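S.K.: Sequence first, predicted coordinates after that:
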Number of protein chains: 2
Amino acid sequence: MIKVAICGYGNLGKGVEKAISNPANQDMELIAVFTRRDPKTIRSVSGVPVISINDMGKYTDTIDVMILCGGSAKDLPEQGPKIANMFNTVDSFDTHAKIPEYFGKMNNSSLNAKKVSIISVGWDPGMFSIARAYTEAILPTGNTYTFWGKGVSQGHSDAIRRIKGVKDAKQYTIPIESAIERVRAGENPELTTREKHLRDCYVVAENGADLDRIEKEIKEMPNYFADYDTTVNFISESEFKERHSSMPHGGFVIRSGNTGDNKQIVEYSLKLDSNPEFTGSIMVAYARAAVYMYKNNQFGSKTVFDVPPSFLSTESAESLIKRLL
Amino acid sequence: MIKVAICGYGNLGKGVEKAISNPANQDMELIAVFTRRDPKTIRSVSGVPVISINDMGKYTDTIDVMILCGGSAKDLPEQGPKIANMFNTVDSFDTHAKIPEYFGKMNNSSLNAKKVSIISVGWDPGMFSIARAYTEAILPTGNTYTFWGKGVSQGHSDAIRRIKGVKDAKQYTIPIESAIERVRAGENPELTTREKHLRDCYVVAENGADLDRIEKEIKEMPNYFADYDTTVNFISESEFKERHSSMPHGGFVIRSGNTGDNKQIVEYSLKLDSNPEFTGSIMVAYARAAVYMYKNNQFGSKTVFDVPPSFLSTESAESLIKRLL
């Protein structure tokens, strides 16, 4: 039995908890949830104890792997290296530009503790990265395209919520179908930012707020919206709660490659009803791999590129060959 | 420089040769082509020497990895274990029911020679197997569907050619779009053989042959055609050569999974202008992995499930993280 704990109990932590409770993951047992908040204010869905992150050090002998479910902006850069110095870890660090630096720190901690940390696990980075790596290795000539959506971007939703007069907001990233079709047809187009994705915003404004100003501020916001065709929809709070509370997402990785004159198109796509539950499920499979690599003395930091598919499975090599090869 | 040789010089062997000649595979060098036929009757496209398979033993010191391009029915079961006793190998053995037995023999040879053999490399088995393994590990609850085509099935084309009065034939396997759509929609349908694929046959008959009899024999052939909706088109030899000489293929692996009530759909698909060139390109990437695993003393037989994505790439871990994670 692999003894697992969760650090950070937001949507992602709950997604991990749900994945561990799937009877198919019968080799795993959830031991505890760790939190920065006052543990008394939180009850876990599964009923496992909720413990202060400050007491984590007492559990090094009872937990095989810690799944870090904090955010990439503030939580993981601070918590990650400390926790990796005590436990095998899996996290979903996704601030792309800072991954090399984060990898270095996690690697130092894990090597020092003779533990394993698998970083940046999820679907992008994660499954999409794997799709890119396989297809670029097998089709080294060509172009790789990544499209995201339709799905909720947390970062863009947050950015709208910081605008004065905005009570709540959700932003959907929408891939432009005609662009995907051109890529699928092997045209190898050069696509600008605006040609790949639309941004569709649903905003609950405060009473009496200046809607024109809010819309203008959204559409002109640099980096987030200025380079995109953006639509802004003002809706009531009740409609917002009714129609925009789920967290769907998805996307496409398309390798438009060739072997000489012959086109070879590989596509990997996701259509997700729940982004955090899907990400949580991936992290649980990699938690299994982390423990396996730890038992094989493969200490240090790893990414999804370093983990063979077989390490993610509960099945024996014989069964995988027979059933899935 | 990884020194590569090809054993078997049909369509697949030529696909491998073409992949090695891609400047992106600059870490590899093709040394020779080995053949069962009289080497004097064959010229390689790249100009490398063509050598009798009987003389292979003289080259154990000059070749890092042998890519086996013979067929699964007769060539590989006989050649594979002998060659794996001398060289690191990669093959595309695809007789599904016999893979465990073949794996055992190859493993014995490779362990005995302290070499590595990666078996059943290609797209199915191969990339499709990986797609199935990843998605079943990360979404253990759900159904996996594999559709093939539109593409040429060599086995079915051969079966038609064995019918009396048939001069030449090509059979296209066609996935049924409405079935794929039901799977993509998360319906989790139970699909019969007939509901998943159509079989479309193009036949050149000998002068005066009984076309009605040929069509009947095709449509009623057990295992190959009887369980499918099959169409038979008789065409002239010139049309056959003009319109049915390429080898396109493709297919879809769809995991229709769920996390509790939430549907999570993962799809991996291929659209290939040239099946042998794509398969050859995959084998070349795994040849790199075989040499890498050999240098790391990971002797014995492996499948695609045992090989981390990073082993397939010419790039450093740092570069993969920066560019593709």
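M.R.: Cool, got the structure. Every value quoted in this text rests on a predicted model; they were computed, and no experiment measured them.
S.K.: hey, which helix is longest across chain A?
M.R.: helix A:275-295 (DSSP state H).
S.K.: average model confidence for stretch A:98-116?
M.R.: Stretch A:98-116 shows a mean pLDDT of 97.
S.K.: So is that stretch next to chain B?
M.R.: Yes - Stretch A:98-116 reaches chain B (C-beta under 8 Å from any C-beta of the partner chain) through A:99-100, A:103. For glycine as for every other residue, the C-beta is placed from the backbone atoms N, C-alpha and C.
S.K.: Also stretch A:280-294?
M.R.: Yes - Stretch A:280-294 lies within reach of chain B by C-beta under 8 Å from any C-beta, at A:280-282, A:285.
S.K.: how far out from the middle of the chain is that stretch?
M.R.: 15 Å (C-alpha atoms, centre = their mean, to the nearest Å).
S.K.: how far is stretch A:68-79 from where the chain is centred?
M.R.: 13 Å.
S.K.: and the residues of stretch A:98-116 next to chain B, which are buried?
M.R.: Buried subset of the residues of stretch A:98-116 next to chain B (neighbour count, 16 or more other C-beta atoms under 10 Å in any protein chain shown): A:99, A:103.
S.K.: Helices - which of the residues of stretch A:98-116 next to chain B land there?
M.R.: Among the residues of stretch A:98-116 next to chain B, the residues falling in helices (DSSP H) are A:99-100, A:103.
S.K.: Please give the number of neighbouring residues around the closest residue in space to residue A:160 that isn't next to it in sequence.
M.R.: Using C-beta to C-beta, 6 or more residues apart in numbering or on different chains and skipping the chain neighbours, the partner closest in space to residue A:160 is residue A:169 (3.7 Å). Neighbour count of residue A:169, defined by other C-beta atoms under 10 Å in any protein chain shown: 25.
S.K.: Give the bridge partners for residue A:169, please.
M.R.: Beta bridges link residue A:169 to residue A:203, judged by DSSP bridges.
S.K.: now residue A:197
M.R.: In this entry, residue A:197 is beta-bridged to residue A:175, by DSSP bridges.
S.K.: wait, doesn't it sit right on residue A:173?
M.R.: Yes - counting by C-beta atoms under 8 Å, residue A:197 does reach residue A:173; the two are 5.5 Å apart.
S.K.: Give me the common contacts of those two.
M.R.: Counting by C-beta atoms under 8 Å, 6 or more residues apart in numbering or on different chains, the shared contacts of residue A:197 and residue A:173 are A:148-149.
S.K.: neighbours of the nearest residue to residue A:196 once chain neighbours are set aside, just the number please.
M.R.: Ranked by C-beta to C-beta, 6+ apart and with sequence neighbours excluded, the top spatial neighbour of residue A:196 is residue A:179, at 5.5 Å. Neighbour count for residue A:179, taken as other C-beta under 10 Å: 18.
S.K.: Check the gap between residue A:112 and chain B for me.
M.R.: Noted for residue A:112: a distance of 19 Å to chain B, by C-beta to the nearest C-beta, to the nearest Å.
S.K.: State the phi and psi torsions of that residue.
M.R.: Per-residue torsions, residue A:112: phi -60, psi -40 (degrees, to the nearest 10).
S.K.: The closest residue in space to it that isn't next to it in sequence: what's it in contact with?
M.R.: Once flanking residues are discounted, residue A:112 sits nearest to residue A:85: 6.1 Å by C-beta to C-beta, 6+ apart. Residues near residue A:85 by C-beta under 8 Å, 6+ apart: A:109-110, A:112-113, A:115.
S.K.: Where does the prediction get shaky in the stretch 101-250 of chain A?
M.R.: Regions of the stretch 101-250 of chain A meeting the criterion pLDDT under 70 are absent.
S.K.: For the residue nearest to residue A:186 when sequence neighbours are not counted, what are phi and psi?
M.R.: Nearest residue to residue A:186, sequence neighbours excluded (C-beta to C-beta, 6+ apart): residue A:263, at 4.2 Å. Reported as degrees, to the nearest 10, the phi and psi values for residue A:263 are phi -80, psi 140.
S.K.: Surely residue A:263 is in contact with residue B:273?
M.R.: Yes - counting by C-beta under 8 Å, residue B:273 is a contact partner of residue A:263 at 4.8 Å.
S.K.: what number of residues lie near residue A:60?
M.R.: Residue A:60 has 13 nearby residues by other C-beta under 10 Å.
S.K.: quick one: it and residue A:86 touch, right?
M.R.: Yes - with contacts counted by C-beta under 8 Å, residue A:60 reaches residue A:86, the gap being 5.1 Å.
S.K.: Tell me which other helices or strands the one helix or strand residue A:213 maps to touches.
M.R.: Here residue A:213, judged by DSSP states H and E, is contained in helix A:211-220. Helices and strands touching helix A:211-220, by 3 or more C-beta pairs under 8 Å, 6 or more residues apart in numbering or on different chains; DSSP states H and E, are strand A:197-205, strand A:229-234.
S.K.: among those strands, which is nearest residue B:55?
M.R.: Residue B:55 lies closest, by C-beta to C-beta, to one member of the helices and strands packed on helix A:211-220: strand A:197-205, at 57.9 Å.
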